[in-house]
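J.: I'd like to go over a predicted model; first the sequence, then the structure.
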Amino acid sequence: MTGPKPLSNILEITPYKGGQKLDHGWKLSSNENPLGASPEAHEALLKAAEHVEIYPDGSAFALRQALGKKYGIDPDRIVCGAGSDEIFQLLGRAYLQPGDEIIQSQHGFLVYKLVAQQAGAKCISAPETNLTADVDAILGCVTDKTKIVFLANPNNPTGSYVPYDEVKRLHKGLRDDILLVLDGAYAEYVRQNDYAAGMEMAGEEPNVLVTRTFSKIHGLAGLRVGWAYGPESVIDAIHRVRGPFNVNSLAQAAAIAALGDDSFVTRSADHNNSELDRMKPALETMGYKVYPSVCNFLLIEFEDKDGKRAADADAFLRSRGIVIRDMVAYGLPKCMRLTIGTKEGNDEVLEAFEAFAKAD
């Protein structure tokens with residue numbers, strides 16, 4: 001008895017694995033907000049929990065209205081999901097079939113490839129330049145089979161970003177029937193003047209979709225809330241394939257409250273930027289290669305010699321109650337990704353990295 005057999009393309013998928021954690025110590029493997037979430041979001045969550053017997057608003061009307069007001073965009077052109085991950089998967093259902101292709105940058109977010117594999121499509125990875133998406137390389141990968149181009153901007157796990165002028169050049173070089181998805185999961189952390197998340201482009205162009213999440217700077221990763229803004233036709237297609245109640249009522253209530261707490265967002269961004277400015281040079285002084293980052297994490301490269309490789313560092317840090325993210329699945333086996341934590345946690349991280357650097 002063999003039982004039902006899954007589709008062959010499904011069996012080729014390596015399931016996504018999130019950042020691991022320890023029973024105690026510092027979990028710095030998932031790019032979570034070290035300050036937690038807005039107190040206003042907590043209060044809204046508790047209030048909403050009083051009525052869990054009632055189905056959520058399937059259209060997330062109030063949340064879309066709040067997003068529209070916050071960003072000055074049309075709420076009817078917004079769709080919400082259980083994290084931006086679900087939005088990507090819904091795009092796969094709506095736009096991909098066997099034989100199609102998607103394009104991502106070389107070290108793009110792993111979920112994009114999973115979306116393609118689930119649909120029986122192929123994921124093409126365009127070479128990066130200095131761990132940054134290369135517009136010309138992406139355009140060079142376009143074929144008549146290309147249906148979606150995913151651009152995480154800024155990118156996880158490299159921490160790099162593409163200036164808005166380059167994003168516009170990328171869009172200009174794509175056919176009208178190719179959907180450009182601008183994943184702005186870390187957009188709130190970026191302070192560079194030449195960066196933009198792409199809202200204006202998504203509002204004007206028929207083939208650009210911007211996705212955002214409440215998981216990072218808003219600290220609502222455990223509730224799974226994401227959203228997308230773009231052309232009416234694309235939003236309509238996503239609505240047709242999503243579940244009728246895909247964002248639960250507690251998540252919607254907390255997200256609305258989080259949107260209204262600007263002080264928490266500012267405090268989170270300020271803490272992150274301050275600690276980035278402290279952590280990167282401190283690690284470099286110890287001899288580590290640390291890549292520039294505009295996100296809430298640092299990509300660190302280790303030496304390729306016995307006792308000093310990334311896997312050795314991982315084991316050493318775990319022995320001290322610190323877990324960060326290995327990058328093997330992203331094609332960066334020499335590297336590990338370190339989430340920016342609290343000041344106390346970061347102090348312990350620096351002590352551990354210094355001890356590892358000095359260890360025989």
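T.: Ah, there it is. Numbering: from 1, shown residues only.

J.: From Ser263, how far off is the nearest residue to Thr339 once chain neighbours are set aside?
T.: Distance criterion CB to CB, 6 or more residues apart in numbering; nearest residue to Thr339, sequence neighbours excluded, is Leu28 at 4.1 Å. C-beta coordinates here come from the backbone N, C-alpha and C atoms, glycine included. As for Leu28, its distance to Ser263 is 25 Å (criterion: CB to CB, to the nearest Å).

J.: out of these two, which sits in the busier spot?
T.: When neighbours are counted by other CB atoms under 10 Å, Leu28 comes out ahead of the other of Leu28 and Ser263, with 28 against 11.

J.: so what's the more buried one scoring on pLDDT?
T.: Leu28 is assigned 95 on the pLDDT scale.

J.: next one: the one 4 residues further on
T.: Glu32 is assigned 96 on the pLDDT scale.

J.: Report the contact partners of it.
T.: Contact analysis of Glu32 by CB atoms under 8 Å, 6 or more residues apart in numbering lists 215-216, 219, 221, 339.

J.: element containing it, please.
T.: If you go by DSSP states H and E, Glu32 is not part of any helix or strand.

J.: again with Ser215
T.: Judged by DSSP H and E, Ser215 forms part of no helix or strand.

J.: phi, psi of the closest residue to it other than its chain neighbours?
T.: Of all residues not flanking Ser215 in the chain, Ala221 sits nearest, at 3.9 Å (CB to CB, 6+ apart). Dihedral pair for Ala221: phi -60, psi -40, per degrees, to the nearest 10.

J.: Quantify the burial of Ala221 by counting its neighbouring residues.
T.: Number of residues near Ala221 (other CB under 10 Å) recorded here: 18.

J.: how does this structure divide up, domain by domain?
T.: For the chain, automatic domain parsing gives the domain ranges 8-36+263-358, 39-260.

J.: weakest of these in terms of mean pLDDT?
T.: When I compare the domains of the chain, domain 8-36+263-358 is least confident, with a mean of 92.

J.: for the residue nearest to Lys334 when sequence neighbours are not counted, what are its contacts?
T.: Leaving out its chain neighbours, the residue that sits closest to Lys334 by CB to CB, 6+ apart is Glu301, at 5.2 Å. Listed by CB under 8 Å, 6+ apart, the contact partners of Glu301 are 288-291, 332, 334-335.

J.: if we go to 10 Å?
T.: With contact taken as CB atoms under 10 Å, 6 or more residues apart in numbering, Glu301 is in contact with 131, 288-291, 310, 327, 332, 334-336.
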